[in-house]
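In: Requesting a structural model of the entry that follows:
(chains A, B, C and D)
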Protein chains: 2
Amino acid sequence: MARSDFDLIDFLPYLLNQAAEKSSLGFQAYYKGTYGFLRTEWRVLFHLGRYGEMTAVEIGARAMIHKTKISRAVARLTERRFLTRREDMADRRREVLSLTPLGRKAFEDLCEKAAVYDRDCVAGLSEEEQRVLRAALRHLANIPRD
Amino acid sequence: MARSDFDLIDFLPYLLNQAAEKSSLGFQAYYKGTYGFLRTEWRVLFHLGRYGEMTAVEIGARAMIHKTKISRAVARLTERRFLTRREDMADRRREVLSLTPLGRKAFEDLCEKAAVYDRDCVAGLSEEEQRVLRAALRHLANIPRD
DNA sequence: TGGTAATTGTTGCTTTTGTAACTAACAAGC
DNA sequence: GCTTGTTAGTTACAAAAGCAACAATTACCA
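Out: Have a look, this model is predicted:
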(Lines give C-alpha, C1' and ligand atoms only; values in the text may rest on other atoms or scores of the structure.)
Protein backbone atom coordinates (compact mmCIF):
# COMPACT_ATOMS: atom_id res chain seq x y z
CA MET A 1 0.00 0.00 0.00
CA ALA A 2 1.57 3.21 -1.20
CA ARG A 3 1.02 5.44 1.78
CA SER A 4 4.31 7.24 1.99
CA ASP A 5 2.38 10.47 1.51
CA PHE A 6 0.59 10.22 4.83
CA ASP A 7 1.84 12.71 7.37
CA LEU A 8 1.44 11.85 11.02
CA ILE A 9 0.96 15.50 11.76
CA ASP A 10 -2.53 15.10 10.33
CA PHE A 11 -3.30 11.91 12.21
CA LEU A 12 -6.75 12.49 13.55
CA PRO A 13 -6.38 10.97 17.02
CA TYR A 14 -3.28 13.10 17.48
CA LEU A 15 -4.91 16.30 16.29
CA LEU A 16 -7.96 15.60 18.39
CA ASN A 17 -5.95 15.00 21.52
CA GLN A 18 -3.87 18.10 21.06
CA ALA A 19 -6.89 20.26 20.40
CA ALA A 20 -8.81 18.69 23.27
CA GLU A 21 -6.03 19.18 25.75
CA LYS A 22 -5.35 22.73 24.73
CA SER A 23 -8.97 23.76 24.69
CA SER A 24 -9.61 22.21 28.08
CA LEU A 25 -6.89 24.03 29.94
CA GLY A 26 -8.55 27.37 30.44
CA PHE A 27 -11.88 26.02 31.55
CA GLN A 28 -10.26 23.48 33.80
CA ALA A 29 -8.44 26.29 35.53
CA TYR A 30 -11.78 27.87 36.30
CA TYR A 31 -13.67 24.94 37.77
CA LYS A 32 -10.62 23.75 39.59
CA GLY A 33 -9.78 27.15 40.99
CA THR A 34 -13.35 28.13 41.88
CA TYR A 35 -14.84 24.84 43.07
CA GLY A 36 -11.86 22.55 43.48
CA PHE A 37 -13.42 20.11 41.04
CA LEU A 38 -11.52 17.38 39.29
CA ARG A 39 -12.38 16.81 35.67
CA THR A 40 -14.55 13.80 36.40
CA GLU A 41 -16.40 15.74 39.06
CA TRP A 42 -17.19 18.52 36.64
CA ARG A 43 -18.38 15.95 34.15
CA VAL A 44 -20.70 14.27 36.63
CA LEU A 45 -22.16 17.62 37.58
CA PHE A 46 -22.52 18.48 33.94
CA HIS A 47 -24.42 15.33 33.08
CA LEU A 48 -26.75 15.57 36.04
CA GLY A 49 -27.43 19.20 35.28
CA ARG A 50 -27.94 18.62 31.60
CA TYR A 51 -29.92 15.39 31.63
CA GLY A 52 -31.50 15.30 35.07
CA GLU A 53 -31.46 12.47 37.59
CA MET A 54 -29.33 9.48 36.67
CA THR A 55 -27.44 6.61 38.22
CA ALA A 56 -23.67 6.34 38.21
CA VAL A 57 -23.68 3.69 35.51
CA GLU A 58 -25.85 5.82 33.26
CA ILE A 59 -23.50 8.75 33.61
CA GLY A 60 -20.58 6.49 32.87
CA ALA A 61 -22.23 5.15 29.73
CA ARG A 62 -22.97 8.60 28.36
CA ALA A 63 -19.66 10.15 29.29
CA MET A 64 -17.52 7.08 28.62
CA ILE A 65 -16.05 7.12 32.10
CA HIS A 66 -15.25 4.03 34.12
CA LYS A 67 -17.52 3.35 37.04
CA THR A 68 -14.79 3.49 39.65
CA LYS A 69 -13.92 7.00 38.61
CA ILE A 70 -17.56 7.95 38.83
CA SER A 71 -17.93 6.25 42.18
CA ARG A 72 -15.16 8.33 43.67
CA ALA A 73 -16.33 11.53 42.03
CA VAL A 74 -19.84 10.96 43.37
CA ALA A 75 -18.47 10.28 46.84
CA ARG A 76 -16.60 13.56 46.86
CA LEU A 77 -19.45 15.58 45.39
CA THR A 78 -21.88 14.10 47.88
CA GLU A 79 -19.59 14.81 50.76
CA ARG A 80 -19.32 18.39 49.62
CA ARG A 81 -23.13 18.70 49.30
CA PHE A 82 -23.25 19.20 45.54
CA LEU A 83 -25.45 16.17 45.01
CA THR A 84 -27.56 13.62 46.83
CA ARG A 85 -28.14 9.92 46.36
CA ARG A 86 -31.54 8.30 46.63
CA GLU A 87 -32.03 4.57 46.74
CA ASP A 88 -34.33 3.21 44.06
CA MET A 89 -36.85 1.15 46.00
CA ALA A 90 -37.85 -0.77 42.89
CA ASP A 91 -34.27 -1.91 42.33
CA ARG A 92 -32.20 -1.56 45.40
CA ARG A 93 -28.92 -1.87 43.55
CA ARG A 94 -29.48 1.49 41.91
CA GLU A 95 -28.76 4.84 43.47
CA VAL A 96 -30.36 7.72 41.69
CA LEU A 97 -28.27 10.85 41.80
CA SER A 98 -29.45 14.42 41.62
CA LEU A 99 -28.07 17.89 42.19
CA THR A 100 -28.68 19.77 45.40
CA PRO A 101 -29.51 23.47 45.17
CA LEU A 102 -25.82 24.11 45.77
CA GLY A 103 -24.94 21.73 42.96
CA ARG A 104 -27.42 23.35 40.63
CA LYS A 105 -26.01 26.76 41.40
CA ALA A 106 -22.52 25.56 40.56
CA PHE A 107 -23.84 23.91 37.42
CA GLU A 108 -25.54 27.05 36.24
CA ASP A 109 -22.49 29.15 36.90
CA LEU A 110 -20.27 26.71 35.04
CA CYS A 111 -22.75 26.51 32.23
CA GLU A 112 -22.62 30.25 31.73
CA LYS A 113 -18.86 30.27 31.90
CA ALA A 114 -18.76 27.43 29.42
CA ALA A 115 -20.86 29.36 26.94
CA VAL A 116 -18.47 32.26 27.07
CA TYR A 117 -15.45 30.03 26.95
CA ASP A 118 -16.84 28.16 23.98
CA ARG A 119 -17.14 31.42 22.11
CA ASP A 120 -13.50 32.21 22.71
CA CYS A 121 -12.50 28.79 21.50
CA VAL A 122 -14.09 29.14 18.11
CA ALA A 123 -13.29 32.82 17.75
CA GLY A 124 -11.13 32.29 14.69
CA LEU A 125 -13.57 30.04 12.83
CA SER A 126 -16.41 30.99 10.51
CA GLU A 127 -19.99 29.97 11.30
CA GLU A 128 -19.82 27.29 8.65
CA GLU A 129 -16.52 25.94 9.92
CA GLN A 130 -17.95 25.78 13.41
CA ARG A 131 -20.97 23.89 12.20
CA VAL A 132 -18.90 21.35 10.29
CA LEU A 133 -16.49 20.98 13.18
CA ARG A 134 -19.14 20.24 15.77
CA ALA A 135 -21.02 17.90 13.49
CA ALA A 136 -17.83 15.98 12.70
CA LEU A 137 -16.92 15.75 16.37
CA ARG A 138 -20.35 14.49 17.33
CA HIS A 139 -20.03 11.93 14.59
CA LEU A 140 -16.60 10.80 15.74
CA ALA A 141 -17.71 10.64 19.35
CA ASN A 142 -20.95 8.87 18.47
CA ILE A 143 -22.97 11.34 20.44
CA PRO A 144 -26.63 11.13 19.52
CA ARG A 145 -28.50 14.35 18.77
CA ASP A 146 -30.59 13.72 21.87
CA MET B 1 -26.12 37.82 29.08
CA ALA B 2 -28.93 35.81 27.52
CA ARG B 3 -27.26 32.48 27.04
CA SER B 4 -29.97 30.12 28.09
CA ASP B 5 -29.83 28.73 24.57
CA PHE B 6 -26.36 27.30 24.96
CA ASP B 7 -26.33 23.53 25.21
CA LEU B 8 -23.44 21.90 27.00
CA ILE B 9 -23.67 19.01 24.63
CA ASP B 10 -22.02 21.27 22.08
CA PHE B 11 -19.34 22.51 24.42
CA LEU B 12 -16.20 22.28 22.36
CA PRO B 13 -13.77 21.00 25.01
CA TYR B 14 -16.29 18.27 25.82
CA LEU B 15 -16.86 17.28 22.21
CA LEU B 16 -13.14 17.31 21.56
CA ASN B 17 -12.36 15.14 24.53
CA GLN B 18 -15.05 12.62 23.69
CA ALA B 19 -13.98 12.42 20.07
CA ALA B 20 -10.31 12.25 21.01
CA GLU B 21 -10.82 9.48 23.51
CA LYS B 22 -13.02 7.45 21.24
CA SER B 23 -10.80 7.83 18.21
CA SER B 24 -7.70 6.91 20.19
CA LEU B 25 -8.97 3.64 21.53
CA GLY B 26 -8.47 1.42 18.53
CA PHE B 27 -5.01 2.64 17.69
CA GLN B 28 -3.95 2.53 21.30
CA ALA B 29 -4.96 -1.10 21.40
CA TYR B 30 -2.57 -1.75 18.54
CA TYR B 31 0.59 -0.06 19.79
CA LYS B 32 -0.06 -1.27 23.29
CA GLY B 33 -0.75 -4.81 22.24
CA THR B 34 2.03 -5.06 19.70
CA TYR B 35 4.81 -3.08 21.31
CA GLY B 36 3.67 -2.55 24.87
CA PHE B 37 3.93 1.20 24.42
CA LEU B 38 2.28 3.69 26.66
CA ARG B 39 0.73 6.68 24.95
CA THR B 40 3.63 8.98 25.78
CA GLU B 41 6.07 6.41 24.46
CA TRP B 42 4.26 6.23 21.15
CA ARG B 43 4.27 9.99 21.00
CA VAL B 44 7.98 10.25 21.61
CA LEU B 45 8.62 7.69 18.92
CA PHE B 46 6.27 9.52 16.61
CA HIS B 47 8.01 12.84 17.06
CA LEU B 48 11.49 11.44 16.63
CA GLY B 49 10.40 9.56 13.53
CA ARG B 50 8.57 12.49 12.05
CA TYR B 51 10.96 15.31 12.86
CA GLY B 52 14.30 13.61 13.32
CA GLU B 53 16.72 13.97 16.20
CA MET B 54 15.55 16.08 19.09
CA THR B 55 16.07 16.57 22.79
CA ALA B 56 13.48 15.67 25.40
CA VAL B 57 12.55 19.29 25.97
CA GLU B 58 12.01 19.87 22.28
CA ILE B 59 9.68 16.91 22.06
CA GLY B 60 7.82 18.16 25.08
CA ALA B 61 7.39 21.61 23.58
CA ARG B 62 6.00 20.26 20.32
CA ALA B 63 3.79 17.63 21.85
CA MET B 64 2.76 19.63 24.91
CA ILE B 65 3.94 16.94 27.28
CA HIS B 66 5.60 17.62 30.60
CA LYS B 67 9.26 16.83 30.78
CA THR B 68 8.95 14.30 33.56
CA LYS B 69 6.62 12.21 31.45
CA ILE B 70 9.06 12.43 28.59
CA SER B 71 11.95 11.58 30.85
CA ARG B 72 10.28 8.36 31.90
CA ALA B 73 9.15 7.48 28.40
CA VAL B 74 12.67 8.01 27.09
CA ALA B 75 14.12 5.88 29.86
CA ARG B 76 11.84 2.99 28.97
CA LEU B 77 12.32 3.32 25.24
CA THR B 78 16.08 3.46 25.65
CA GLU B 79 16.08 0.44 27.88
CA ARG B 80 14.11 -1.45 25.29
CA ARG B 81 16.49 -0.35 22.50
CA PHE B 82 14.03 1.73 20.53
CA LEU B 83 16.13 4.85 20.82
CA THR B 84 19.55 6.11 21.82
CA ARG B 85 20.78 9.18 23.61
CA ARG B 86 23.83 11.12 22.55
CA GLU B 87 25.36 13.82 24.68
CA ASP B 88 25.72 17.15 22.94
CA MET B 89 29.36 18.05 23.42
CA ALA B 90 28.69 21.70 22.75
CA ASP B 91 26.17 21.82 25.56
CA ARG B 92 26.53 18.95 27.93
CA ARG B 93 23.14 19.46 29.49
CA ARG B 94 21.46 18.38 26.28
CA GLU B 95 20.88 14.81 25.27
CA VAL B 96 20.01 14.37 21.65
CA LEU B 97 17.66 11.48 21.05
CA SER B 98 17.31 9.42 17.92
CA LEU B 99 15.67 6.19 16.83
CA THR B 100 17.59 2.97 16.59
CA PRO B 101 16.93 0.74 13.58
CA LEU B 102 14.52 -1.16 15.80
CA GLY B 103 12.82 2.07 16.73
CA ARG B 104 12.59 3.15 13.12
CA LYS B 105 11.07 -0.14 12.16
CA ALA B 106 8.42 0.25 14.83
CA PHE B 107 7.83 3.82 13.74
CA GLU B 108 7.34 2.84 10.14
CA ASP B 109 4.99 0.08 11.04
CA LEU B 110 2.95 2.36 13.27
CA CYS B 111 2.98 5.04 10.63
CA GLU B 112 1.43 2.67 8.11
CA LYS B 113 -1.12 1.45 10.59
CA ALA B 114 -1.93 5.05 11.47
CA ALA B 115 -2.61 5.89 7.86
CA VAL B 116 -5.09 3.06 7.57
CA TYR B 117 -6.62 3.83 10.92
CA ASP B 118 -6.99 7.48 10.01
CA ARG B 119 -8.96 6.48 6.93
CA ASP B 120 -11.37 4.47 9.01
CA CYS B 121 -11.83 7.37 11.39
CA VAL B 122 -12.99 9.78 8.74
CA ALA B 123 -14.88 7.20 6.73
CA GLY B 124 -18.22 8.92 7.21
CA LEU B 125 -17.03 12.41 6.33
CA SER B 126 -16.78 14.07 2.95
CA GLU B 127 -13.46 15.33 1.62
CA GLU B 128 -14.48 18.87 2.36
CA GLU B 129 -15.60 18.05 5.87
CA GLN B 130 -12.30 16.32 6.51
CA ARG B 131 -10.39 19.33 5.28
CA VAL B 132 -12.33 21.74 7.45
CA LEU B 133 -12.07 19.43 10.44
CA ARG B 134 -8.32 19.05 10.29
CA ALA B 135 -7.77 22.72 9.65
CA ALA B 136 -9.96 23.64 12.59
CA LEU B 137 -8.19 21.17 14.86
CA ARG B 138 -4.79 22.46 13.85
CA HIS B 139 -6.01 25.94 14.59
CA LEU B 140 -7.36 24.97 17.99
CA ALA B 141 -4.19 23.10 18.86
CA ASN B 142 -1.98 25.88 17.53
CA ILE B 143 -0.03 23.46 15.44
CA PRO B 144 1.99 25.27 12.79
CA ARG B 145 1.76 24.05 9.22
CA ASP B 146 5.47 23.24 9.33
C1' DT C 1 -38.07 -23.13 43.26
C1' DG C 2 -33.29 -23.05 42.89
C1' DG C 3 -29.29 -22.15 40.84
C1' DT C 4 -26.46 -19.59 37.61
C1' DA C 5 -25.54 -15.33 35.45
C1' DA C 6 -25.65 -10.42 35.14
C1' DT C 7 -25.81 -5.69 37.18
C1' DT C 8 -24.77 -1.85 40.57
C1' DG C 9 -21.64 0.13 43.22
C1' DT C 10 -17.47 0.01 46.36
C1' DT C 11 -12.78 -1.10 47.88
C1' DG C 12 -7.83 -2.53 47.73
C1' DC C 13 -3.84 -2.67 45.10
C1' DT C 14 -0.97 -1.39 41.19
C1' DT C 15 0.33 1.63 37.63
C1' DT C 16 0.67 6.15 35.81
C1' DT C 17 0.65 11.02 36.26
C1' DG C 18 1.50 15.58 38.53
C1' DT C 19 4.30 18.61 41.50
C1' DA C 20 8.26 20.17 43.54
C1' DA C 21 12.80 19.84 44.61
C1' DC C 22 17.27 18.75 43.07
C1' DT C 23 21.86 18.24 40.30
C1' DA C 24 24.55 19.63 36.63
C1' DA C 25 25.68 22.65 33.11
C1' DC C 26 25.56 26.95 30.81
C1' DA C 27 24.68 32.33 30.36
C1' DA C 28 24.93 37.10 31.59
C1' DG C 29 26.34 41.00 34.19
C1' DC C 30 29.30 43.10 36.97
C1' DG D 1 36.58 35.55 38.23
C1' DC D 2 32.34 35.60 40.86
C1' DT D 3 27.43 35.77 41.54
C1' DT D 4 22.91 35.22 40.01
C1' DG D 5 19.73 33.35 37.00
C1' DT D 6 18.26 30.04 33.50
C1' DT D 7 17.92 25.54 31.21
C1' DA D 8 18.12 20.16 30.66
C1' DG D 9 17.07 16.31 32.80
C1' DT D 10 16.16 13.18 36.92
C1' DT D 11 14.09 11.74 41.14
C1' DA D 12 11.03 11.48 45.29
C1' DC D 13 6.70 11.98 47.00
C1' DA D 14 1.66 12.73 46.46
C1' DA D 15 -2.49 12.50 43.67
C1' DA D 16 -5.23 10.23 40.37
C1' DA D 17 -6.50 6.54 37.22
C1' DG D 18 -6.78 1.66 35.88
C1' DC D 19 -7.80 -3.07 37.21
C1' DA D 20 -9.47 -6.92 39.60
C1' DA D 21 -12.06 -8.76 43.22
C1' DC D 22 -16.03 -8.25 46.17
C1' DA D 23 -20.90 -7.84 48.32
C1' DA D 24 -25.52 -7.07 47.42
C1' DT D 25 -29.33 -7.29 44.28
C1' DT D 26 -31.92 -8.65 40.51
C1' DA D 27 -32.76 -11.43 36.12
C1' DC D 28 -33.07 -15.58 33.67
C1' DC D 29 -34.47 -20.12 32.97
C1' DA D 30 -34.35 -25.10 33.46
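
In: Which positions in chain A make contact with DNA strand D?
Out: For chain A, the residues in contact with DNA strand D (CB under 7 Å from any atom of the strand) are A:38-40, A:66, A:68-69, A:72, A:90-93. C-beta: built from backbone N, CA, C; applies to glycine.

In: thought A:Ser81 was touching A:Pro101?
Out: No, residue A:81 isn't Ser; it's Arg. No - judged on CB atoms under 8 Å, A:Arg81 makes no contact with A:Pro101 at a distance of 9.3 Å.

In: quick one: low-confidence ranges for chain A?
Out: A:1-4, A:144-146 (pLDDT under 70).

In: What segments of it are strands?
Out: Along chain A, counting by DSSP state E, strands occupy A:83-87, A:95-99.

In: so what's the residue positioned nearest the centre of chain A closest to, chain neighbours aside?
Out: Residue closest to the mean C-alpha point of chain A, counted by CA atoms, centre = their mean, is A:Arg43 at 4.1 Å. Spatial nearest neighbour of A:Arg43, excluding adjacent residues (CB to CB, 6 or more residues apart in numbering or on different chains): A:Ala63 at 5.3 Å.

In: ok now do A:Leu125, which residues does it touch?
Out: With contact taken as CB atoms under 8 Å, 6 or more residues apart in numbering or on different chains, A:Leu125 is in contact with A:133, B:136, B:139.

In: In helices, which of these appear?
Out: A:133, B:136, B:139 (DSSP state H).

In: Of those residues, just say which sits nearest to A:Lys113.
Out: A:Leu133 (20.9 Å; CB to CB).

In: how about the nearest residue to A:Gln18, chain neighbours excluded?
Out: B:Ala141 (3.7 Å).

In: Do any residues in the longest helix belonging to chain A lie close to DNA strand C?
Out: Longest helix in chain A, counting residues (DSSP H): helix A:12-35. No - counting by CB under 7 Å from any atom of the strand, DNA strand C is not contacted by helix A:12-35; separation bottoms out at 8.9 Å.

In: Which elements pack onto that helix?
Out: helix A:39-51, helix A:101-121, helix B:12-35, helix B:101-121, helix B:127-141 (3 or more CB pairs under 8 Å, 6 or more residues apart in numbering or on different chains; DSSP states H and E).

In: tell me which residues of it are tucked away?
Out: For helix A:12-35, the neighbour count (16 or more other CB atoms under 10 Å in any protein chain shown) marks A:12-24, A:27-28, A:30-31, A:35 as buried.

In: And for that helix, what's in contact with it?
Out: A:8, A:37-39, A:42, A:106, A:109-110, A:113-114, A:117, A:120-121, A:140, B:12-13, B:16-17, B:19-20, B:23-24, B:27, B:46, B:63-64, B:117-118, B:121-122, B:134, B:137-138, B:140-143.

In: out of the residues you listed, which are buried?
Out: Among the contacts of helix A:12-35, those scoring as buried are A:8, A:37-39, A:42, A:106, A:110, A:113-114, A:117, A:121, A:140, B:12-13, B:16-17, B:19-20, B:23-24, B:27, B:46, B:63, B:117-118, B:121-122, B:134, B:137-138, B:140-141, B:143 (criterion: 16+ other CB under 10 Å).

In: wait, A:Glu53 sits on A:Leu97?
Out: Yes - A:Glu53 is within contact range of A:Leu97, at 6.6 Å (criterion: CB under 8 Å).

In: Just want to know which of those two has more residues nearby.
Out: Shown here are A:Glu53 and A:Leu97; by other CB atoms under 10 Å in any protein chain shown, A:Leu97 has more neighbours (23 against 12).

In: show me what contacts that one?
Out: A:44, A:48, A:53-56, A:59, A:74, A:83-86.

In: near DNA strand C too, which of these?
Out: Near DNA strand C, by the rule CB under 7 Å from any atom of the strand, you find A:55-56, A:74, A:85 out of those.

In: Now for these, which sits with the most neighbours around it?
Out: Most neighbours among the ones next to DNA strand C among the contacts of A:Leu97, by other CB under 10 Å: A:Val74, with 23 neighbours.
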